[in-house]
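> Dropping a prediction and its sequence here:
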Amino acid sequence: MVSRRRQHRPNRPPPPRQPTHHSPPVTLGPSPSRTHLLMTSQRVLFFVQISLLVFASALLHSSTHLHSFLTSQITHRNRPIDHPHTRYATNPMAWNPTPKSTPEQVTLSSQLSISPLDEYNAALLNEVRPLNYTNPEVEWGTVWDLVVVGAGAGGLVSSRQAARRGAKSCMISMELAGGDCLNAGCVPSKALLRCAKLVREARKAASRQNEFGVFFTKRGESEVLDLDVGVDFAKVMQRMRRLRSSIAPVDGHARGVSIGSQVFQGRGVFTSPYTIEVVEDGKKLGDANNPVLRFRKAVIATGGRPTIPDVKGLVSAPYATNLNLFNLQSLPERMVVLGAGIVALEMAQAFAAFGSKVTVLQRSKLLSGDVEAGKVIRETLEQDGVQFLDEVIVKEVETLRSRGSDGELPLMRVGLTHKGNSQLTSLECECLLVAIGRTANVQNMGLESANISYHPTQGVLINDYAQSISHPNVYAVGDCVAHVPRLTHMSGEMAKVVVQNSLFGGEWRMSTLVVPAVMYTDPEYAVVRKVVTIDTNGNVVPSPKLSAEEVDVYRAELRSNDRAILDSSDTNGYVKISCIKGTGTIVSCTIVSSRAGEMINEVSLAIKNGIDIMGLGRNVHAYPTLGEGVMSCGLQFIGARWKKMNEGG
């Protein structure tokens, strides 16, 4: 990203100076003789041997704090990830899989929304939430260059990039390092989507009417006529847990410490404009033993949580959100999805493929009002067995059966009304997935004590440099920030902006960010544009969309794309690029395709670097690829401006 100078920034302090680290001077005495050196080395060796014996004896009776500290810092990277239980099989200071885990461990893992406590989840927790973790000692007078509150994508990138660049940084992790993305979002959901896609492909192949020439036989016998494709849901979920645990070390505490960023476990609370108290597990704010961190710069990266609507009976019902959905071990016969956004539609399609009867309750339009894309996605999901109920209002949720201790799924009745009809109808389900949006995590962290302005549900208010509008030495990134997209890669990019601006005098601007977003249904839905702008006060607000009268639209239907034809895919897919009217300047792009998430990045690069649509058309694309759909839009622009030979000339 290119740093840009501004002409006038009245409320921003001068750029921060880079941190400096001074070592005390070393005083050298007279040179000792060889004999003296030999005698001294012998004495040193003797005392080292005695010390080792004493240390070994003490280690056998070492304190719980020393043992837990060592356990939390050691990484076991060379052991096979497929068998993580070998790492901690009998370690009482680490998470152990059932049946070796204690009842307290099982209870705590459930409170952290990680279940069951099998070998893979034990391995995950040992990385991202070590048991009995001992926080680093903080020397009196220590001032950190950067303190980061939160351990999701934004917190990890902020604290670690700062450390890599020489800053004294630390990160405060309240629950699970890696945040929603690793534990309850991007990672587990994509693992399920891969299995769901394979199920759909297998059913195509199992159909006697399939066009691919594929059929199934018993070994040595004739063709099998009636073939059903089954799903072992427990194995699907086990695969997800195994793959998630294999990714976890990248986000784990030990990895951060090895990079140079210290990790504190607890709840970070601002107690003054330049201090943050780490409220450790089982302690209260103000406890004398809680670490207190003084900082020059701080980053709020506390993320968000699922928004829960005010519906009668819902709070006491055993509903699901993305936080606990991935703990399921048996497939619900019926699933009701409240919401029509990315999480709602991805999981609706996946669970329908697995065999659940899925009903989506939508109060508003799909995909935030993108009517054309919403129509294509809805038709595809309906073909996969998902039912949609339009313009409904959920009035109440009644719990008919609680979740059983033996793993039996709960049973709920959802009461609802349709627009224009006050009569109450109901649906019963074993899984009620609430996915209507997200709320910023900004409560109970002392923002008032630090004079940090925020909206109670939308999040921290920032300016173009990702600074708090009321505290120039505090920055914020990710889902806890008002008016920015709730995306993992947005959090990571904001973290880079923050490190550059807070520690190295940078002037990187939020308003220059071009951010793609992808929904990983099949087909995928991808969009890209500039996502935020600045209001008259210099504060970040969402970028307005241009009206149809302000843009020219160039469109390529993928049904005529050779790769789509050969793959028998993308019959309803398209690429749509919008440019400022009368020009080739790209302002946005929408793609509906089986590979939309890969295709959108080319347009994102073009917008970011000022490449117009003609440049996309002149860029040579490999043949045959779906990416040629992007090129086709550019060729339309070029073709409309061709010079042509005069008739008879």
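Looks like it came in fine. Since the model is a prediction, treat every value here as computed from it, not as a measurement.

> Going by C-alpha atoms from here, please, whenever you check contacts or count neighbours.
Noted.

> Nearest residue to the middle of this protein?
residue 181 (2.7 Å; CA atoms, centre = their mean).

> Confirm that that one sits in a strand.
No - assigned with DSSP: H, G, I helix; E, B strand; the rest coil, residue 181 falls outside any strand and is helix.

> That one: what's it in contact with?
152, 153, 187, 488 (CA atoms under 8 Å, 6 or more residues apart in numbering).

> Ranking by neighbours, what's the top pick from the residues you listed?
In terms of neighbours by other CA atoms under 10 Å, the contacts of residue 181 top out with residue 153 at 30 neighbours.

> where does it land on pLDDT?
Note on residue 153: pLDDT of 97.

> Isn't it up against residue 492?
Yes - assessed by CA atoms under 8 Å, residue 153 is found in contact with residue 492 at 5.8 Å.

> Mutual contacts of those two, please.
Between them, residue 153 and residue 492 share these contacting residues under CA under 8 Å, 6+ apart: residue 478.

> ok, which stretches of the stretch 101-250 of the chain are helices?
103-111, 119-128, 153-164, 179-184, 186-206, 233-247 (DSSP state H, counting those that start in this stretch).

> Give me the average confidence score over the fifth one.
Meaning helix 186-206. Across helix 186-206, pLDDT averages out at 94.

> I'd like the numbering to begin with 3 instead of 1 from here.
With the count now opening at 3, the last piece we talked about shows up as helix 188-208.

> which outside residues touch that helix?
Taking CA under 8 Å, 6+ apart as the rule, helix 188-208 contacts 182-184, 212, 214, 216-218, 229-231, 233, 238-239, 241-243, 245-246, 328, 348-349, 351-353, 355-356, 522-524.

> just to revisit the earlier point, looking at the helices of the stretch 103-252 of the chain, which is nearest to residue 467?
Closest to residue 467 of those is helix 155-166 (CA to CA; 14.4 Å).

> So for stretch 547-566, what gets flagged as buried?
Neighbour-count burial for stretch 547-566 flags 553, 554, 555, 556, 557, 558, 559, 560, 561, 563, 565, 566 (criterion: 16 or more other CA atoms under 10 Å).

> which residues are in contact with it?
With CA under 8 Å, 6+ apart as the criterion, stretch 547-566 contacts 567, 572-584, 595, 626-628, 630-632, 634-636, 638-639.

> at 7 Å instead, please
For stretch 547-566, contacts defined as CA atoms under 7 Å, 6 or more residues apart in numbering pick out 567, 572-583, 626-628, 631, 634-635, 638.

> List buried residues within those residues.
Applying a neighbour-count criterion of 16+ other CA under 10 Å, the buried members of the contacts of stretch 547-566 are 572, 574-582, 628, 631, 634-635, 638.

> Among these, which ones are in strands?
If you go by DSSP state E, the buried ones among the contacts of stretch 547-566 have 576, 577, 578, 579, 580, 581, 582 in strands.

> Neighbours of residue 233, how many?
The number of residues packed near residue 233 is 15, by other CA under 10 Å.

> Next up, the contacts around it.
Here residue 233 is in contact with residue 356 (CA under 7 Å, 6+ apart).

> And it, how far from residue 358?
Noted for residue 233: a distance of 11 Å to residue 358, by CA to CA, to the nearest Å.

> cool, and residue 642?
49 Å.

> Over to residue 338?
10 Å.

> more neighbours, these two?
Using other CA under 10 Å as the criterion, residue 338 and residue 358 rank with residue 338 on top: 27 against 21.

> Just read off the phi/psi values of that one.
phi -110, psi 130 (degrees, to the nearest 10).

> Is it bridged to anything, and to what?
Beta bridges link residue 338 to residue 361, residue 434 when assigned by DSSP bridges.

> For it, give me the pLDDT.
On the pLDDT scale, residue 338 gets 98.

> How about the contacts made by it?
Going by CA under 7 Å, 6+ apart, residue 338 touches 360, 361, 362, 431, 433, 434, 435.

> how deep is the fifth one tucked in, by neighbour count?
By the measure other CA under 10 Å, the count of residues near residue 433 is 25.

> rewinding a little: and the buried ones among the contacts of stretch 547-566, which two are the farthest apart?
572 and 582 (27.9 Å).

> before we move on, back to that, taking the buried residues of stretch 547-566 one by one, which sit in helices?
Secondary structure assignment (DSSP state H) places 565, 566 from the buried residues of stretch 547-566 within helices.

> Report pLDDT for residue 261.
97.

> count of neighbours near it?
Using other CA under 10 Å, residue 261 has 14 neighbouring residues.

> Contact partners for it?
162, 165, 166.

> ok, it to residue 255 distance?
10 Å.

> Repeat that for residue 645.
From residue 645 to residue 255 the distance is 62 Å (CA to CA).

> more neighbours, these two?
Counting neighbours by other CA under 10 Å for residue 645 and for residue 255 shows that residue 255 has the greater number, 32 against 8.

> Could you pull up phi and psi at the more buried one?
Per degrees, to the nearest 10, the backbone of residue 255 is at phi -60, psi -40.

> Could you do the one 3 residues further on as well?
Dihedral pair for residue 258: phi -60, psi -40, per degrees, to the nearest 10.

> before we move on, the earlier item: whichever of the contacts of helix 188-208 end up buried, select them in ChimeraX.
Of the contacts of helix 188-208, the buried ones go into a single ChimeraX selection, burial set by 16+ other CA under 10 Å:
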select :182,183,184,238,239,241,242,243,245,246,328,348,349,351,352,353,355,356,522,523,524
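
> For the closest residue to residue 628 other than its chain neighbours, give its distance to residue 528.
Leaving aside its chain neighbours, residue 628 sits nearest to residue 565 (5.9 Å; criterion: CA to CA, 6 or more residues apart in numbering). The gap separating residue 565 from residue 528 is 19 Å, by CA to CA.

> which regions of the protein lie under the pLDDT threshold?
Applying pLDDT under 70 to the chain flags the ranges 3-94, 210, 221-228, 649-651.

> how about 50 then?
Counting by pLDDT under 50, the chain contains low-confidence ranges at 3-92.

> Show me the strands in the stretch 203-352 of the chain, by range?
Using DSSP state E, counting those that start in this stretch, the strands of the stretch 203-352 of the chain run over 264-267, 269-274, 277-281, 294-302, 306-308, 336-340.

> quick one, which of those strands is nearest to residue 473?
That would be, of those and by CA to CA, strand 294-302, which comes in at 10.1 Å.

> orientation of that closest one relative to strand 277-281 in degrees?
100 degrees (axes from the mean of the first three to the mean of the last three CA atoms, to 10 degrees).

> and the angle from strand 294-302 to strand 269-274?
Interaxial angle, strand 294-302 versus strand 269-274 (the same axes, to 10 degrees): 100 degrees.

> Just give me how far strand 294-302 sits from the chain centre.
Offset of strand 294-302 from its chain centre (CA atoms, centre = their mean, to the nearest Å): 24 Å.

> Against which helices or strands is it packed?
strand 145-151, strand 277-281, strand 476-478 (3 or more CA pairs under 7 Å, 6 or more residues apart in numbering; DSSP states H and E).

> what about 8 Å?
strand 145-151, helix 155-166, strand 277-281, strand 476-478, helix 490-505 (3 or more CA pairs under 8 Å, 6 or more residues apart in numbering; DSSP states H and E).

> May I have the strands that pair with it, each with its orientation?
Partners of strand 294-302 in the sheet, by DSSP bridges, are strand 145-151 (parallel), strand 277-281 (antiparallel), strand 476-478 (parallel).

> So which of those is nearest residue 453?
strand 476-478 (9.9 Å).

> Not counting that closest one itself, show me its contacts.
Strand 476-478 has contacts (CA under 8 Å, 6+ apart) with 299-303, 454, 462, 464, 468-470, 500, 504.

> quick check, nearest of these to residue 108?
Nearest to residue 108 among these, counting by CA to CA, is residue 303 at 28.1 Å.

> How many neighbouring residues does that closest one have?
31.

> Hmm, it is touching residue 149, no?
No - distance between residue 303 and residue 149: 10.4 Å, which falls outside the contact criterion (CA under 8 Å).

> how long is stretch 320-335 end to end?
16 Å.

> quick one: buried residues of it?
Buried, per 16+ other CA under 10 Å, within stretch 320-335: 320-331, 333-335.
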